[in-house]
Structure formats: C-alpha cells, structure tokens
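Undergrad: Sharing a model that was predicted from the sequence below.
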Amino acid sequence: MKIGIDQISFYTAQYFLDLKTLAEARGVDPEKFYTGIGQEKMGIPPPDEDVVTMAASAAFRLKERGALEGVEAMLFATESGIDQSKAAGMFVHGVLELPARCRVVELKQACYSATAALRMAMGLVAMKPKSKVLVIASDIARYELGSPGESTQGCGAVAFTVSADPRVLAIDPEAGFYADDVMDFWRPNYLSEALVDGKYSTLVYIKALQESWKQYAAESGRSLEDFARFCYHIPFTRMAAKAHQKLAKGISDEELQRVIGESLIYSRSAGNCYSASLYVGLCSLLDNAVEDLNGKRIGLYSYGSGCVGEFFSGVVQAGYRAALLTPAHENLLAGRTELTFQQYEDIYHYGIPTDGGEYIFPQYRTGPFRFSGMQGHKRIYAKARI
Ligand code: CAA
C-alpha cells in the first residue's frame, strides 16, 4: 500500500522585509544576503499573526477543498510554542471547526518535528488505511536584531494530509536518520529569540546529512542518480546548495540549479520557516517544476538543530498537478506588503503582554484568521475581515 502526502498547502505572513533594506540599515553589502546567504526577502508576522493563525490559514485551504474529511488526527509541529501545556493545534482545531473525533498533539524537535509527524502519520494510516492525518508545521524564525542570524529570519506554515493512495507524493519506506545531543541552536523558555552558534550549526547540519545519507543509501541501494530532484531543510537557500554540493561532490552549477533550484524559490522570499522549511521547499518544487515530475523520485533531507537529521524519499504521483494549490501560493507571495525598516523594527518590538490583562491587538493584514488579543491569560483568535 502506498502512503504519503495527498494534498499540501503553504501560507506565510502578508508582510515582508527586503534584505536590501536590512543590508542598508545594518551597513552590509546587499550581495552578502542576496548571494552569500541566498535570501531576498523575509516574511514578517504582524502582531495579530502567530503560529496558530498561519497554521489555520494553511489548513483552511485544504478544508475549503474538502481535503480534511476523514482526518482522525492532527499532528502540529512547531518550535515557536505558545503554551507549555495546550497544543497549538487545539486552537487550530477550534477555529477550523474540525470534528471532535480527532487526536490533536504538538511535536517538538527544532526544525525536524514535521518529519517525525509525517512518519507517525504514516503509521496511523497504515493501521487504518481509510483514515487521514493532518500534519501542520508552523514557525516564526526570530533572532536578535543586528545578530548574524537576523538576515535568516522568516515565517510560514505548511499543512498536508497523509493518506493511503496519495495524490502528490508516495513516501518510500527507507530512511536514514541520525541524532546527536549538541547545542548548535536553541531557545530557552525565557527568551523570545533563538540563540545560535551559527557556523557550528552549519557544520552539524552537514554531518547529520552525511550520516543520514550513508544509512539511506545502504538501506535502499540507491545512489544520487536515482533522484530527479532534492529538497533540503532551508534555513537559508545557500545552506541547501552547500549541503547538496557535499553529497554530489564536483557537481556543476548548472546541474546543482537543475536538481535543487525550483525547491528554493519560495524560501528565498519567505525566509526560514523552521519546521515547515523542508515542506515549503517541496511545495516550491512541485509548483515550479516545468518538467512533469510524474513517477520521479525526490530525495528529502530534514534537519532539526539539537540535533536530528533524516534523509528519506518519495515518488511523485501521476496527476499530482491537479492536487496542487499553485495559483494560491503564487498569489500569496505576489500580494504581500513590503515593510520599511522602521515598520519592521516596530513590529519586532511589539511584545505579547504577559500580565494576564485584557488586550486588543491592532488589525493588520492576515489570512482568514487573526490573533485578536489576550483576556485573562488566554489567547483569543477570531475570523479576520478579508
Ligand atoms: N558578496 C557575496 N557574498 C558575500 C559577501 C558579499 N559582499 N559578503 C559575504 N559573503 C558570503 C560569505 O563569503 C559567506 O559565504 P560562504 O559561506 O560560502 O563562505 C556568506 O556570504 C555568509 O557570510 P558569513 O559567513 O560572513 O555570514 P555570517 O557569519 O554573518 O552569518 C550564518 C552566516 C552563521 C549562517 C548566520 O546567518 C546565522 O547564524 N544564521 C542562523 C543559523 C542558521 O541558519 N544555521 C543553519 C544550520 S542550522 C539549521 O538549519 C536549523 C535552523 O533552521 C536554524
């Protein structure tokens, strides 16, 4: 029985900062960001957008198409948790008015947890092939202002359903995975920005890739030539390029662009989406590939600092294009509002109150749902007027 991704939807905030603007403000050559890091824009969530509203907006498009019928579990992957107890997915369950018969849980292991969720979802579907699981990954990448990480911020969510006989990508059973207890990137509970040992994090990312790939290749008997395209976890697009250059030693620039270029388009514009990043790359590839990928095998590498890496693969299914939300994704990215540097800093400093009082947040542009305020330590979500 084939099990995999049946439908997939991507959402990012309606605002962005061009990295040229950031470069100018920080006195840096813009080419460092555009070429050296490989990023052009970063998605910036306004005060009334958070991981719940982004997740709900991504999943709402699936609901509109009837894709959520038969969903018996929602696995919510994030490292931008909003509560120590209640799963962020419970709020999404509420605003989307999903059926009560639904298991809801939140998973965490930095940017890796959506891949853990995918594997767990496959297990649930294998036990009950007529059921579906909704996996959502939603994150806000936030570093200290003026730090080396600042240009690699971003935000976004991907929602996908996992089912038997999937329409988009059947996941292969083989996988290589690797864990190591390291401190390359982390966020203590008392901070709202991540801490990172930047250069070290890039080395650990590569080490975990090499170990995962070695295992995957031994288990599957496949070599790099068996893949039509590759999707990587994308903290910034140059990281994905460097990662592939490590595996495919001596690869030409043209061939590198051919096998990963389409997967990097959305991330160059949305920035790091942490747990969602690999799946933003998958959406970008499927939406932008001119070549028909029907029957082609895609290699995927998931990495979460701390750290866990996994290399796995999937085969694109016949007729996959009809299941995609390509125009919605393109319109979303094309319709965003550019921020000035001052607006970016003002939004950055807009903190969520922690005193348990009553607050109503200003209305910005969002998707169908917004984080409208706080009342008695409770987050309040509402339908947005759009
Ligand atoms: N024109 C063109 N290129 C330029 C340039 C210019 N004017 N100036 C600099 N560059 C190049 C540099 O040569 C360098 O390229 P190489 O890596 O090929 O040598 C590149 O731009 C970056 O320059 P620096 O190395 O000087 O950049 P930095 O030290 O200021 O920051 C970083 C880079 C450490 C990755 C930083 O962005 C960071 O800390 N980011 C957050 C951590 C991160 O994303 N880690 C990735 C792995 S961990 C992970 O994947 C999990 C996750 O999601 C966070």
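TA: All right, it came through fine. Residues are numbered from 1 along each chain as shown.
Undergrad: Please count neighbours and contacts with C-alpha atoms only from this point.
TA: Will do.
Undergrad: Point out the residues in the stretch 201-350 of the chain that sit beside the ligand.
TA: Ser201, Thr202, Tyr205, Pro235, Tyr274, Gly304, Ser305 (C-alpha under 6 Å from any ligand atom).
Undergrad: mind checking the SS state of the third one?
TA: With DSSP: H, G, I helix; E, B strand; the rest coil as the basis, the three-state label of Tyr205 is helix.
Undergrad: Would you list the phi and psi of the closest residue in space to it that isn't next to it in sequence?
TA: Excluding its sequence neighbours, the residue lying closest to Tyr205 (C-alpha to C-alpha, 6 or more residues apart in numbering) is Tyr303, at 6.5 Å. The phi/psi pair for Tyr303 (degrees, to the nearest 10) reads phi -140, psi 130.
Undergrad: Name the residue of the protein that lies nearest to the ligand.
TA: Gly36 (3.0 Å; C-alpha to the nearest ligand atom).
Undergrad: which SS class is that residue?
TA: Reduced to three states with three-state DSSP, the structure at Gly36 is helix.
Undergrad: ok, the residue nearest to it when sequence neighbours are not counted - contacts?
TA: Of all residues not flanking Gly36 in the chain, Arg238 sits nearest, at 7.0 Å (C-alpha to C-alpha, 6+ apart). Arg238 makes contacts with Thr35, Gly36, Ile37, Gly38, as judged by C-alpha atoms under 8 Å, 6 or more residues apart in numbering.
Undergrad: so how far is Leu333 from the last one?
TA: Read it as Gly38. 17 Å (C-alpha to C-alpha, to the nearest Å).
Undergrad: Between these two, which is the more surrounded one?
TA: Ranked by neighbour count (other C-alpha atoms under 10 Å), Gly38 and Leu333 place Gly38 first, with 22 against 19.
Undergrad: could you pull out the strands for the stretch 151-300 of the chain?
TA: 154-164, 169-179, 185-186, 195-196, 229-232, 297-304 (DSSP state E, counting those that start in this stretch).
Undergrad: what's around Lys2, how many residues?
TA: Lys2 has 16 neighbours, counted by other C-alpha under 10 Å.
Undergrad: For it, which residues are in contact?
TA: Contacts of Lys2 by C-alpha under 8 Å, 6+ apart are Ala164, Asp165, Pro166, Ala170, Ile171.
Undergrad: now those residues in a markdown table, with neighbour count?
TA: Formatted as a markdown table, those follow (neighbours: other C-alpha atoms under 10 Å):
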| residue | neighbour count |
| --- | --- |
| Ala164 | 20 |
| Asp165 | 17 |
| Pro166 | 21 |
| Ala170 | 24 |
| Ile171 | 23 |
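Undergrad: Include pLDDT and distance to Glu31 when you put those into a markdown table, please.
TA: Converted to a markdown table, those look like this (pLDDT from 0 to 100; distance: C-alpha to C-alpha, whole Å):
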| residue | pLDDT | distance to Glu31 |
| --- | --- | --- |
| Ala164 | 98 | 45 |
| Asp165 | 98 | 45 |
| Pro166 | 98 | 41 |
| Ala170 | 98 | 39 |
| Ile171 | 98 | 38 |
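Undergrad: which one of those sits closest to Lys383?
TA: Of all the contacts of Lys2, Pro166 has the smallest distance to Lys383: 30.9 Å, by C-alpha to C-alpha.
Undergrad: how far away is the nearest residue to the closest one once chain neighbours are set aside from Leu325?
TA: Leaving out its chain neighbours, the residue that sits closest to Pro166 by C-alpha to C-alpha, 6+ apart is Asp6, at 4.2 Å. To Leu325, Asp6 is 12 Å away according to C-alpha to C-alpha.
Undergrad: Tell me which of these two has more neighbours.
TA: Neighbour count, other C-alpha under 10 Å: between Asp6 and Leu325, Asp6 has more, with 24 against 18.
Undergrad: tell me the SS of that one?
TA: Three-state call for Asp6 (three-state DSSP): strand.
Undergrad: Check what pLDDT it gets.
TA: Model confidence at Asp6, given as pLDDT, is 98.
Undergrad: Contact partners for it?
TA: With C-alpha under 8 Å, 6+ apart, Asp6 has these contacts: Phe160, Thr161, Val162, Ser163, Asp165, Pro166, Arg167, Val168, Leu169, Ala323.
Undergrad: let's go with 7 Å and repeat that
TA: Counting by C-alpha atoms under 7 Å, 6 or more residues apart in numbering, Asp6 touches Thr161, Val162, Ser163, Pro166, Arg167, Val168, Leu169.
Undergrad: Pull out the buried residues from those.
TA: Among these, those scoring as buried are Thr161, Val162, Ser163, Pro166, Arg167, Val168, Leu169 (criterion: 16 or more other C-alpha atoms under 10 Å).
Undergrad: close enough to count as contact, the second one and Val133?
TA: Yes: taking C-alpha atoms under 7 Å as the definition, Val162 is a contact partner of Val133 at 5.2 Å.
Undergrad: excluding its backbone neighbours, what's nearest the residue sitting nearest the centre point of the chain?
TA: Centroid-nearest residue in the chain, with C-alpha atoms, centre = their mean: Ala276, separated by 1.2 Å. Distances taken as C-alpha to C-alpha, 6+ apart place Ala137 nearest to Ala276, at 4.8 Å, with adjacent residues excluded.
Undergrad: Please, which helix or strand holds the one you found?
TA: For Ala137, the host element (DSSP states H and E) is strand 132-141.
Undergrad: Now do the helices in the stretch 51-200 of the chain.
TA: 51-64, 88-95, 113-127, 198-220 (DSSP state H, counting those that start in this stretch).
Undergrad: by how many degrees do the second one and strand 132-141 diverge?
TA: Pointing back at helix 88-95 there. Interaxial angle, helix 88-95 versus strand 132-141 (axes from the mean of the first three to the mean of the last three C-alpha atoms, to 10 degrees): 120 degrees.
Undergrad: Lovely, talk soon.
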